[in-house]
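J.: have a look at this prediction, sequence included:
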Amino acid sequence: MAVPSPHPRRAAQLELARALLGVAGLPLRLGWFALTRRRWKRRLAVHLDDPSPALEGPPLPARVSFPDRPLRFCLSCGETSSAGHAARVAEALRELCRESGAPPPELFGLGPAALNEAGVECIADPTAAATMGGQGVFKEIPFYLDVLEAAAQSFADRRPDAFVPVDAPALHVPLARIARRYGVPTVHMVAPQYWAWGPWRTAAYRKVITRALTIFPWEPGWFADRAVPTAHVGHPQMDVLEAVEVTAPDADSRCELVLLPGSRRGEVAVHLPWMLRAAAPLASEVPELKITVAQSGEELRPLIEGILERSEVAATLEVGDLHATLCRARSALAASGTVLTDLLHHRLPTVVIYAVRGGLRSRLVPTLLTTPYFSTTNLLAGGELLPERGFRADVEGPLVEVSALLRRAHLDEEWRAQCQRGLQRAAERIGPAGAARRCAQHVLEVALGSTQPL
């Protein structure tokens, strides 16, 4: 006898209550984790040097044919940066259906205007209230409740053949649980980095995810040890970088330093003033140095221009084509994040930073990590290839040290050559482009395997 599905509003409320209970219980979980952290670190260390898995999407199931009706897929991205990945998966789903002689799929979901422009009908936009580090989350509860309800209503009314969220586990694990209540399987593109911190979360994750798609070579083994069904598709950013030409960052004409403070308001407000102070000694030593702050979108222009006006260090803002900026750069100072993959593609010597906001959090963050480094480039390299430093935003911290590291990255030819050789090895571990198509193949395999005649 089938279990009746909950009303969409009720399903959304249940997930919100679960999330709030999780926050309330977090201190106990952190205490337990502090006692077991060494064990988790050892378990991760076993896999960090795993060879890169084969990258080949599954063939379409031989025994299951496409239904007469169009397949329906719900895609979701919780951050603006994920919209491009979701759009490429949407196009790959169309291509695979066309190649198989099936009707064009019906695509709808959650995301910003960019996803809608890619032909995906957007029923809500979770990115409209994106926050950093939990700041302001509680005041956004009504907004996220509406997002959860909109998704639940779509699962109830449209019964998609698969739910395909991209990254953002804080949003997508609750949505996957809601999807499961309505009998919708979930294929999660970009498995969460639970291996870096909070590994206890895998227990809840494996209960709601039909298949998690991994992007780093150590992830398949780590998730397999925790009985999470996975498939390795490679890094989706490589689909973007495939068409980006790289020029040698040692050309004599290149003396530009690029600052990459992040893409969220909170990140930029904390990182950029500190970065400018760290770059000041190099700017004094190299008169011809040009400092550029790079951003992909216009949203934060007023914030950044205000910071630059107040700074004693001359710098310009460039909005738009990040790779055109990186092709002129000789070195970079970057906040840890997905941009490190772009910098790796350009083989650009970089100093990596990460800010915490002081108080208890500044003491907790280092103890929560199970990784030896917070930079994914260093994890790929198997050592501290790129210098990385964490700092408290309310104190000077390692400002002098970061300034010295930045000088080395920009001027020390021997170190730069060694760094670039390491970057080449790290890039080889990521693997080639094609993640979107491989993701679409897994989505179709799951969807066709679970599709019942209507």
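T.: Yep, that arrived.

J.: remind me which residues of the stretch 151-300 of the chain are low pLDDT?
T.: Low-confidence segments of the stretch 151-300 of the chain (pLDDT under 70): 248-253.

J.: same thing but 90
T.: 197-198, 243-255, 263-267, 270, 296-299 (pLDDT under 90).

J.: and the helices in it, which stretches?
T.: 169-181, 202-208, 219-225, 237-241, 265-285 (DSSP state H, counting those that start in this stretch).

J.: reformat the ones you listed as JSON lines; add mean neighbour count and distance to residue 69.
T.: Placement of C-beta: from N, CA and C, glycine included. What follows is the helices of the stretch 151-300 of the chain, written out as JSON lines (neighbours: other CB atoms under 10 Å; distance: least, CB to CB, whole Å):
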{"stretch": "helix 169-181", "mean neighbour count": "23", "distance to residue 69": "19"}
{"stretch": "helix 202-208", "mean neighbour count": "16", "distance to residue 69": "26"}
{"stretch": "helix 219-225", "mean neighbour count": "20", "distance to residue 69": "33"}
{"stretch": "helix 237-241", "mean neighbour count": "20", "distance to residue 69": "29"}
{"stretch": "helix 265-285", "mean neighbour count": "20", "distance to residue 69": "43"}
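
J.: any chance of those in CSV, with distance to residue 291 too?
T.: Formatted as CSV, these follow (distance: least, CB to CB, whole Å):
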stretch, distance to residue 291
helix 169-181, 34
helix 202-208, 41
helix 219-225, 36
helix 237-241, 24
helix 265-285, 6
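
J.: between those, which gets nearest to residue 440?
T.: Residue 440 sits nearest to helix 237-241 of all these, at 11.6 Å, using CB to CB.

J.: just checking, what packs against that closest one?
T.: Helices and strands touching helix 237-241, by 3 or more CB pairs under 8 Å, 6 or more residues apart in numbering; DSSP states H and E, are helix 83-99, helix 339-345, helix 435-450.

J.: out of the ones you listed, which comes closest to residue 71?
T.: helix 435-450 (5.8 Å).

J.: let's see that closest one as PDB, backbone CA atoms only.
T.: Provided in PDB are the C-alpha atoms of helix 435-450 (Å, rounded to 0.1, in the frame of the first residue of the first chain):
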ATOM      1  CA  ALA A 435      31.200  16.600 -16.700                       C
ATOM      2  CA  ALA A 436      27.900  18.000 -17.800                       C
ATOM      3  CA  ARG A 437      27.300  15.200 -20.400                       C
ATOM      4  CA  ARG A 438      28.500  12.500 -17.900                       C
ATOM      5  CA  CYS A 439      26.100  14.000 -15.400                       C
ATOM      6  CA  ALA A 440      23.200  13.900 -17.900                       C
ATOM      7  CA  GLN A 441      24.000  10.200 -18.700                       C
ATOM      8  CA  HIS A 442      23.700   9.300 -15.000                       C
ATOM      9  CA  VAL A 443      20.500  11.300 -14.700                       C
ATOM     10  CA  LEU A 444      18.900   9.500 -17.600                       C
ATOM     11  CA  GLU A 445      20.100   6.100 -16.200                       C
ATOM     12  CA  VAL A 446      18.500   6.800 -12.900                       C
ATOM     13  CA  ALA A 447      15.300   8.300 -14.500                       C
ATOM     14  CA  LEU A 448      14.800   5.400 -16.900                       C
ATOM     15  CA  GLY A 449      15.500   2.900 -14.300                       C
ATOM     16  CA  SER A 450      12.800   4.300 -12.100                       C
END
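
J.: from the middle of its chain, how far away would it be?
T.: Chain-centre distance of helix 435-450: 20 Å, with CA atoms, centre = their mean, to the nearest Å.

J.: what's the answer for stretch 276-293, then?
T.: Per CA atoms, centre = their mean, the centroid offset for stretch 276-293 relative to its chain is 30 Å.

J.: neighbours of residue 25, just the number please.
T.: 10 (other CB atoms under 10 Å).

J.: residue 144 sits in which helix or strand?
T.: helix 141-158 (DSSP states H and E).

J.: with adjacent residues omitted, what lies nearest to residue 277?
T.: Excluding the flanking residues, the one nearest residue 277 by CB to CB, 6 or more residues apart in numbering is residue 399, at 6.1 Å.

J.: okay, the helices and strands packed on helix 237-241 in a markdown table with mean neighbour count, distance to residue 237 and mean pLDDT next?
T.: Shown next, in a markdown table, are the helices and strands packed on helix 237-241 (neighbours: other CB atoms under 10 Å; distance: least, CB to CB, whole Å; pLDDT from 0 to 100):
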| stretch | mean neighbour count | distance to residue 237 | mean pLDDT |
| --- | --- | --- | --- |
| helix 83-99 | 20 | 8 | 96 |
| helix 339-345 | 23 | 5 | 95 |
| helix 435-450 | 23 | 8 | 92 |
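
J.: out of the ones you listed, which is closest to residue 122?
T.: Nearest of these (CB to CB): helix 83-99, 9.8 Å.

J.: and that closest one with helix 435-450, angle?
T.: Between helix 83-99 and helix 435-450, the angle comes out at 60 degrees (axes from the mean of the first three to the mean of the last three CA atoms, to 10 degrees).
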